[in-house]
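[1] just coords:
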């Protein structure tokens, strides 16, 4: 049996974190949710998830700071990261994209199914996705 892929959701909006977690778990992934950037950093360093969904505006340590620290860490620099933010400011988007994120999604423009498609496209080989 294949090991489940582990996804970490770093999101301080509890309802959104729960909704995303439930939907992603339905797809057969293992999911954890943390509510701030400090917890996010500790988790990724200890558990090395297969993918991180990262909010930028979080308490304690902001998502952008967490992202920079992750990219500076040799063990984590290739971690696929989907940023999910309320900001569609092009300067912010550009700065974050330069840090090597997989995708940048604006919360208001990204229903859960769009997020789910991004997760699946990153973690499932094309052959597996095509099987019904």
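    Yes, it's here. This structure is a prediction, so every number in the text was calculated from the model and none was measured.
[2] Could you use CA atoms for every contact and neighbour count after this?
    Fine.
[3] Contact partners for the residue nearest the centre of the chain?
    Nearest residue to the geometric centre of the chain (C-alpha atoms, centre = their mean): residue 53, 1.1 Å. By C-alpha atoms under 8 Å, 6 or more residues apart in numbering, the residues touching residue 53 are 7-10, 81-84.
[4] For it, give me phi and psi.
    Phi and psi for residue 53, reported as degrees, to the nearest 10, are phi -100, psi 120.
[5] Repeat that for residue 104.
    phi -130, psi 110.
[6] hmm, who's touching stretch 110-121?
    With C-alpha under 8 Å, 6+ apart as the test, stretch 110-121 has contacts from 20, 23-24, 51, 103, 105, 129.
[7] Give me the buried positions along it.
    Across stretch 110-121, burial judged by 16 or more other C-alpha atoms under 10 Å covers 115-116, 119-120.
[8] from the chain's centre, how far out does the strand or helix carrying residue 119 sit?
    Assessed by DSSP states H and E, residue 119 sits inside helix 112-123. Here helix 112-123 is found 10 Å from its chain centre; the criterion is C-alpha atoms, centre = their mean, to the nearest Å.
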